[in-house]
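[1] predicted model, plus sequence, below.
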Amino acid sequence: MSPSTLVRPYEDSGVLIAGGTSGVGLATAIGFLAAGVRKVALLGRNEERGRAARRAVLERCADAEVAFFATDASDIAQVESSVAAAHKALGSIDVLVNSTTTSYRPELLHRTPLPDISGILVGQALPPMLMTRTVLPLMQEQGGGSIINIASDAAKVPTPGESALGAAMAAIVMFTRVAAIEGKRNGVRVNAVTPSLIDGTPTAANVLSDGFSKSLFEKAAAQAHLGVAEPDDLASLIVFLGGPAAARLTGQTISVNGGISAF
């Protein structure tokens, strides 16, 4: 089979988005519809927010098939159940987007309570790993697919206040690279997107509210001479990575940060 045949066109693709009920995940769902995708499944913890997200997506494209499955992506049983349900609803999972990073306020390491460290590591790094592991065999069996994991620039840039977060994001990045090497023989591409500050999201509002994190991210925003990234900026890249134009692109970690850093 020629590698070019392993990537379905947008109109024939089924897209699964974990964390698809708000922010980057929701913007990505809408972006895929604009590109021609007509089958989308959204995963999220909150049932009410999930129903609202489904309505928002359908408002953009009434003829799309949009499903929502309430899922805690850190729970193995829920991940397995929801991926099976999404696979059945979509017919195939050609693109998986893991937009599962949770809200976090940076804090210097010596001020970080010891019990919080394991929660940061597991809470941030585990969901994309579980989702990828569950979907990967389905993509291998069908002969191709694209997985996009959203991490953060904290994986690349040592930033005060982000020691545990940076470790979790670096784990996602290395996990992505290894999965890319393992998946390529079956036509599966795996890439990571690493934003910094994303305007208009709950996380941005949280870190810019006060204290140490406010000072840290205000300085970061001042370095974004091309403009602080917005959800649509991330969505545009993710839609590209999920489609035919990125058929030869795998194992990459791409930053969308307006010039805050250049790594």
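    Sure thing, it's come through. What you see is a predicted model; the values in this text were computed from it and never measured.
[2] quick one: the strands in the protein?
    Using DSSP state E, the strands of the chain run over 14-18, 39-44, 65-70, 95-98, 145-150, 188-195, 253-256.
[3] adjacent strands (with direction) for the last one?
    To tie it back to what came earlier, the one meant is strand 253-256. strand 188-195 (parallel) (DSSP bridges).
[4] can you pull the buried residues of stretch 46-59?
    49-50, 53-54, 57 (16 or more other Cβ atoms under 10 Å). C-betas here are computed from N, CA, C, even on glycine.
[5] from those residues, which single one is nearest S146?
    Using Cβ to Cβ, V57 comes nearest to S146 of these, at 19.6 Å.
[6] who's in contact with that closest one?
    By Cβ atoms under 8 Å, 6 or more residues apart in numbering, the contact list for V57 reads 26, 29-30, 33, 40, 42, 64, 66.
[7] 7 Å instead, please
    29-30, 33, 40, 64, 66 (Cβ atoms under 7 Å, 6 or more residues apart in numbering).
[8] quick one: T102 from L126, how far?
    From T102 across to L126, the span is 11 Å (Cβ to Cβ, to the nearest Å).
[9] and those two? Which one has more around it.
    When neighbours are counted by other Cβ atoms under 10 Å, T102 and L126 differ, and L126 comes out ahead with 19 against 15.
[10] S74 is in contact with that one, correct?
    Yes. Contact criterion Cβ atoms under 7 Å: L126 and S74 qualify, at 5.2 Å.
[11] give me whichever of the strands of the chain is most buried.
    Counting by mean count of other Cβ atoms under 10 Å, strand 95-98 has the highest mean neighbour count of the strands of the chain, with a mean of 30.
[12] that one pairs with which strands, and in what direction?
    strand 14-18 (parallel), strand 145-150 (parallel).
[13] what's the closest of these to A86?
    Nearest to A86, of those and by Cβ to Cβ, is strand 14-18 at 5.0 Å.
[14] and that closest one, C-alpha only, in PDB?
    What follows is strand 14-18, C-alpha atoms only, in PDB (Å, rounded to 0.1, in the frame of the first residue of the first chain):
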ATOM      1  CA  GLY A  14     -13.800  10.200  11.600                       C
ATOM      2  CA  VAL A  15     -12.300  12.600  14.200                       C
ATOM      3  CA  LEU A  16     -12.200  11.900  18.000                       C
ATOM      4  CA  ILE A  17     -11.300  14.900  20.200                       C
ATOM      5  CA  ALA A  18     -10.600  14.200  23.900                       C
END
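[15] that one vs strand 39-44, what angle?
    With axes from the mean of the first three to the mean of the last three Cα atoms, to 10 degrees applied, the angle from strand 14-18 to strand 39-44 works out at 10 degrees.
[16] quick check: mean pLDDT across strand 14-18?
    Averaging the model's pLDDT scores along strand 14-18 yields 98.
[17] ditto for stretch 170-178
    For stretch 170-178, the per-residue pLDDT averages 97.
[18] now the end-to-end length of stretch 133-151.
    17 Å (Cα to Cα, to the nearest Å).
[19] what sits up against that stretch?
    1, 6-7, 16, 24, 79-80, 83, 87, 92-99, 101, 128, 132, 169, 172-173, 176, 179, 183, 186-194, 238, 241-242.
[20] now that stretch, how far from the centre of its chain.
    Here stretch 133-151 is found 13 Å from its chain centre; the criterion is Cα atoms, centre = their mean, to the nearest Å.
[21] mind putting the buried residues of stretch 46-59 into a markdown table with pLDDT?
    Compiled in a markdown table, these are given as follows (pLDDT from 0 to 100):
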| residue | pLDDT |
| --- | --- |
| R49 | 94 |
| G50 | 96 |
| A53 | 96 |
| R54 | 96 |
| V57 | 95 |
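[22] narrow those residues to those in helices?
    Mapping the buried residues of stretch 46-59 onto helices (DSSP state H) picks out 49-50, 53-54, 57.
[23] now distance to A246 too, for those residues, in a markdown table please.
    Putting these into a markdown table (distance: Cβ to Cβ, whole Å) gives the following:
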| residue | distance to A246 |
| --- | --- |
| R49 | 29 |
| G50 | 28 |
| A53 | 25 |
| R54 | 27 |
| V57 | 22 |
